[in-house]
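**Student:** dropping a prediction and its sequence here:
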Amino acid sequence: MSSVLHVNNQEFQSLISQNELVFVDFYANWCGPCKMLAPSIEKLAQEHPEIKVVKVDVDQETSLAMQFQVQSIPTLITFKNGQPVNRQMGFMPYEALENMIK
């Protein structure tokens, strides 16, 4: 079973306000680099159960994509206490994902 949460706008707002550390992957189903990144996102969720790992489909949740100025996917944002603290775009190795949550 996947440890990654797929959320809508309302769930997203609740998660980032109620959890100390949230890692968000803004993606689209048609995006090649997003598909390549998916196993690493899943691994991050499994190896770091102390954080919430969330995926947001930019085609389904356009308001969230606009709110966080997602212009390229994948866009990865780490939220700490409800505030974005780290942002990266594009495919990256697993080690770089881990560095985003430290």
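**Tutor:** Noted; the coordinates are in hand. Just so you know, these numbers come straight off a predicted model, no measurement behind them.

**Student:** just checking, residue 19 touches residue 54?
**Tutor:** No - taking contacts as Cβ atoms under 8 Å, residue 19 lies outside contact range of residue 54: 9.4 Å. For the C-beta atoms, the positions are set from N, CA and C on the backbone; glycine is no exception.

**Student:** okay, these two: which has more neighbours?
**Tutor:** Using other Cβ atoms under 10 Å, the more surrounded residue of residue 19 and residue 54 is residue 54, with 23 against 16.

**Student:** okay, and the beta partners of that one?
**Tutor:** residue 5, residue 24 (DSSP bridges).

**Student:** how about the most centrally placed residue in the chain, what does it touch?
**Tutor:** Using Cα atoms, centre = their mean, the residue of the chain that lies closest to the mean C-alpha position is residue 24, 1.7 Å off. By Cβ atoms under 8 Å, 6 or more residues apart in numbering, the contact set of residue 24 is 12, 16, 54-56, 76-79.

**Student:** of these, which is the most crowded?
**Tutor:** The most neighbours of any of the contacts of residue 24, using other Cβ under 10 Å, belong to residue 56, which has 25 neighbours.

**Student:** what pLDDT is listed against that one?
**Tutor:** pLDDT, residue 56: 97.

**Student:** phi, psi for it please.
**Tutor:** phi -120, psi 120 (degrees, to the nearest 10).

**Student:** where's it relative to residue 79, distance?
**Tutor:** Distance of residue 56 to residue 79, given as Cβ to Cβ, to the nearest Å: 12 Å.

**Student:** closest one to residue 101 out of the contacts of residue 24, please.
**Tutor:** residue 78 (6.0 Å; Cβ to Cβ).
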